[in-house]
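# Starting from these lines, generate the structure:
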Amino acid sequence: MPLSYKLQHLPASPGIYLMKDIHGDIIYVGKAKNLKRRVRSYFQKNQHHSKKVQRMVFNIADLEIRLVETELDALLLECRLIQEIHPHYNRIMNYYQNYAYVDFGQTGPLLTPMPTKTSFGPFRQYKQLPQILTILTETYLFPDTNSVTYKMIQQQLPDVEMIPLSERLANCQSFFAGQQTNFFSLLEERISYSAQQQNFEHAQLLKEQLELCLNFYHYIQQRQQFCRQKQLILKLPVTTEKQKIYFIAYGTIVKTLILKNDEPVLFPRGNFSSQPLQKEDVDPLDILRSYYARYYKERTSANSS
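Got it, this is the predicted structure:
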């Protein structure tokens, strides 16, 4: 069936699309709430298309679609297929094998590809993660701190060295556990010192580092809170009369049902338990957690209005 015919007969429903080259190899996997609108957009002249998208479109010889019931289904299926197929033009979620754990030695935090009994994670191996480890290492004056930086921070935080190394390590571990830590107050002290010395450029840099670390810390807390929930129910419309019910336990979908809007919803029985997070679980978990948070926010807003 020609590609032009497929493009003309795309459904306006949720699903995923698989772009193929002349050899039949899948070069890109995407998801859409409306397949017709999304897929056709690639083939319309658009000056906002990146060079990467333009190259991909040039290499598309065929197209396959798979219909699903909701946008969330499309997101999760897209993620799973990217992890399985590793399409050339997909970047996000394609390299989950490189996600890292944070472990601790006597010199401070370090990245490791494999988990240990004392490690935290896994986390996406973004550029920010090594940067966060450097900020923590320097703020706590761990032994791996650069000698020049060490002297500078001694001036900013003269009392840090008085804190036993074991206590500094424990506070650093608390950061990656999403628990109470003195790290942020120490970083605030560094900002205050730089401002008092009228080194406003460095104070601004530290403020940006503080924001980076806060965002990551809050992400850890939100992920952990979501994974501790024993019973969560997510309801998404399928038609005007029916809805799809997602039963979530400890961050995992344990069952789904399609019910009429007025049918009672009861959480299924079962011995559900929390399982250690694996690298391939990170992206699906973040998709589900973000989607549920958006759903809860919309539901709360609707009930209060």
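
# Can you mark which positions in stretch 225-234 are buried?
226-227, 232, 234 (16 or more other CB atoms under 10 Å). Any C-beta I mention is one placed from the backbone N, CA and C, and that applies to glycine too.

# mind listing the helices in the stretch 151-300 of the chain by residue range?
165-177, 183-196, 200-228, 282-304 (DSSP state H, counting those that start in this stretch).

# Using JSON lines, lay out these together with mean pLDDT.
Formatted as JSON lines, these follow (pLDDT from 0 to 100):
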{"stretch": "helix 165-177", "mean pLDDT": "96"}
{"stretch": "helix 183-196", "mean pLDDT": "97"}
{"stretch": "helix 200-228", "mean pLDDT": "97"}
{"stretch": "helix 282-304", "mean pLDDT": "85"}
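
# What values do phi and psi take at residue 29?
phi -120, psi 130 (degrees, to the nearest 10).

# chain center to stretch 220-233, what's the gap?
14 Å (CA atoms, centre = their mean, to the nearest Å).

# residues in contact with residue 33?
14, 71, 74 (CB atoms under 8 Å, 6 or more residues apart in numbering).

# how does it look with 10 Å?
12-15, 70-71, 74-75 (CB atoms under 10 Å, 6 or more residues apart in numbering).

# follow-up on the earlier one: farthest pair in the buried residues of stretch 225-234?
Spatial extent of these (CB to CB) is set by the pair 227 and 234 at 15.2 Å.

# model confidence over stretch 93-105, on average?
Per-residue pLDDT over stretch 93-105 has a mean of 93.

# Check stretch 63-70 too.
pLDDT averaged over stretch 63-70 gives 96.

# change the start of the numbering to 24 and stick with it
I'll keep to 24 as the first residue from here, and by that count the last item is stretch 86-93.

# Now it: buried residues?
Buried residues in stretch 86-93 (16+ other CB under 10 Å): 86, 88-89, 91-93.

# Could you measure from the residue lying closest to residue 297 once chain neighbours are set aside over to residue 307?
Residue nearest to residue 297 in three dimensions, not counting chain neighbours: residue 273, with 4.2 Å by CB to CB, 6 or more residues apart in numbering. Using CB to CB, to the nearest Å, one obtains 13 Å as the distance from residue 273 to residue 307.

# still on that earlier bit, could you single out the nearest of the contacts of residue 56 to residue 314?
Using CB to CB, those come closest to residue 314 at residue 98, 7.0 Å.

# Surely that closest one is in contact with residue 54?
Yes. Residue 98 lies in contact with residue 54 (CB atoms under 10 Å); the separation is 5.6 Å.

# Quick check: neighbours shared by the two?
With CB under 10 Å, 6+ apart, residue 98 and residue 54 have common neighbours 37, 39, 91.

# Just name the closest of the residues you listed to residue 162, please.
For the shared contacts of residue 98 and residue 54, the closest approach to residue 162 (CB to CB) belongs to residue 39, at 43.6 Å.

# Let me know the pLDDT of the closest one.
In this model, residue 39 is scored at 97, pLDDT.

# cool, and residue 66?
For residue 66, the predicted pLDDT is 88.

# Tell me who's in contact with it.
26-27, 30, 80, 83, 86.

# would JSON lines of these with secondary structure and distance to residue 65 be doable?
Putting the contacts of residue 66 into JSON lines (DSSP: H, G, I helix; E, B strand; the rest coil; distance: CB to CB, whole Å) gives the following:
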{"residue": "26", "secondary structure": "helix", "distance to residue 65": "11"}
{"residue": "27", "secondary structure": "helix", "distance to residue 65": "13"}
{"residue": "30", "secondary structure": "helix", "distance to residue 65": "9"}
{"residue": "80", "secondary structure": "helix", "distance to residue 65": "5"}
{"residue": "83", "secondary structure": "coil", "distance to residue 65": "8"}
{"residue": "86", "secondary structure": "strand", "distance to residue 65": "10"}
